[in-house]
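Visitor: take this sequence and fold it.
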Amino acid sequence: MNKEKQNKEIKGLGKKSYQQYLLIYLDILGFKEIIKQAKNDPRKVQRIMGTLRLANRMANEINKPDQILPALKVTLFSDTIIVAAANPNLATSIIALTATALFQLRMVQDGCFLRGAA
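Guide: Next up is the predicted model:
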């Protein structure tokens, strides 16, 4: 690499690029307590695992590259669900909120309540 190109790359390291995002943060209510209660009950453990598998399947469905929701990205970790939309416009925001509402509805049907903010 020549010296001039190297200097340009070094100068560019300090520059930051920002994007607007719509972030929707959800977490499973009482997850820690649910885990504690399930410690000695295999049925409760299976229910928790089923709920987490359901959340994972739903996230994978939204994250599919060929999905009609290309602007959305869903990330799961522990008992937290993040729905993100880069550079949202009104249509993307409505899609993100609708997908989140449907996600919450399906989780409630499984006996799992969520709380969150956008």
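Visitor: helices of the protein, residue ranges please.
Guide: Taking DSSP state H as the test, the helices found in the chain are 3-12, 31-38, 42-63, 90-109.
Visitor: in CSV, list those along with mean pLDDT, mean neighbour count and distance to residue 84.
Guide: Any C-beta I mention is one placed from the backbone N, CA and C, and that applies to glycine too. Output for the helices of the chain, formatted as CSV (pLDDT from 0 to 100; neighbours: other C-beta atoms under 10 Å; distance: least, C-beta to C-beta, whole Å):
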stretch, mean pLDDT, mean neighbour count, distance to residue 84
helix 3-12, 62, 9, 26
helix 31-38, 80, 13, 21
helix 42-63, 80, 14, 11
helix 90-109, 83, 14, 8
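Visitor: including distance to residue 23, could those helices go into CSV?
Guide: Below are these laid out as CSV (distance: least, C-beta to C-beta, whole Å):
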stretch, distance to residue 23
helix 3-12, 27
helix 31-38, 20
helix 42-63, 15
helix 90-109, 9
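Visitor: quick one: residue 45 from residue 85, how far?
Guide: Distance of residue 45 to residue 85, given as C-beta to C-beta, to the nearest Å: 34 Å.
Visitor: one more: residue 62?
Guide: On the measure of C-beta to C-beta, residue 62 and residue 85 end up 11 Å apart.
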